[in-house]
Structures are given as C-alpha cells and as structure tokens.
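Asks: Here's a sequence, model it:
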Amino acid sequence: MIKVYQVNWRIPDGGQYIPPDSVGGGDYYRDKYRTDIIPATSIKMAREIVEEARPSAKVTKVKILSKLEV
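Replies: As a prediction, the model looks like this:
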C-alpha cells in the first residue's frame, strides 16, 4: 500500500540550499522550514527520499496524509 506523507525539514544554521526547481536558479535561504509531500510505502522510505534529495537538510517531522490502494 502506498501512503502519502508530509515531510517537514529545515536547513541547519549556516547551511545554504539552492532549490533545483527555482525560477531564478540561485535563491539562497538559511534555517528555513519547508515541507514536501512524498508518496512512499513507509515513514522510513519517505524520510530517506528527502534526505537523499537534500543532503544538507534535517528532517524534523514525518506524518501520514492519506493511504492509497493500488
């Protein structure tokens, strides 16, 4: 069963992250909280997806939004 998770994360103090999908291509932000919506089979997998996509990010919370029957 695939579940949809809300993964909250932040960049630790001093860390900088350039979002790959930003229109300007060079937007920096510091110590900001962000949220991703991730389809995955477990909380651990959702956390790993975010940590792999954003190496400098620290995951703060993962919660389930819905369950999908596939």
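
Asks: contacts, neighbours, all on C-alpha from now
Replies: OK.

Asks: Which residues in whichever strand in the chain runs longest does the neighbour count mark as buried?
Replies: Secondary structure of the chain per DSSP state E: the longest strand is strand 58-68. By 16 or more other Cα atoms under 10 Å, the buried positions in strand 58-68 come out as Lys58, Val59, Val62, Ile64.

Asks: ok so Glu51 is a strand residue?
Replies: No - secondary structure of Glu51 (DSSP: H, G, I helix; E, B strand; the rest coil): helix, not part of a strand.

Asks: Name all residues that make contact with it.
Replies: Counting by Cα atoms under 8 Å, 6 or more residues apart in numbering, Glu51 touches Ala57, Lys58, Val59.

Asks: Pull out the buried residues from the strand or helix carrying Ala46.
Replies: Here Ala46 sits within helix 43-53, counting by DSSP states H and E. By neighbour count with 16+ other Cα under 10 Å, helix 43-53 contains the buried residues Ile43, Ala46, Arg47, Val50.

Asks: and it with strand 58-68, angle?
Replies: Note on geometry: by axes from the mean of the first three to the mean of the last three Cα atoms, to 10 degrees, helix 43-53 and strand 58-68 are set 130 degrees apart in direction.

Asks: May I have the beta-bridge partners of Thr35?
Replies: Thr35 has these beta-bridge partners by DSSP bridges: Asn8.

Asks: Trp9: which of the buried residues of strand 58-68 is nearest?
Replies: The closest of these to Trp9 turns out to be Val59 (Cα to Cα; 4.2 Å).

Asks: how close does the spatially closest residue to that closest one that is not a sequence neighbour get to Met1?
Replies: Residue nearest to Val59 in three dimensions, not counting chain neighbours: Trp9, with 4.2 Å by Cα to Cα, 6 or more residues apart in numbering. Trp9 sits 24 Å away from Met1, going by Cα to Cα, to the nearest Å.

Asks: out of those two, which sits in the busier spot?
Replies: Taking neighbours as other Cα atoms under 10 Å, Trp9 and Met1 compare with Trp9 leading, 22 against 9.
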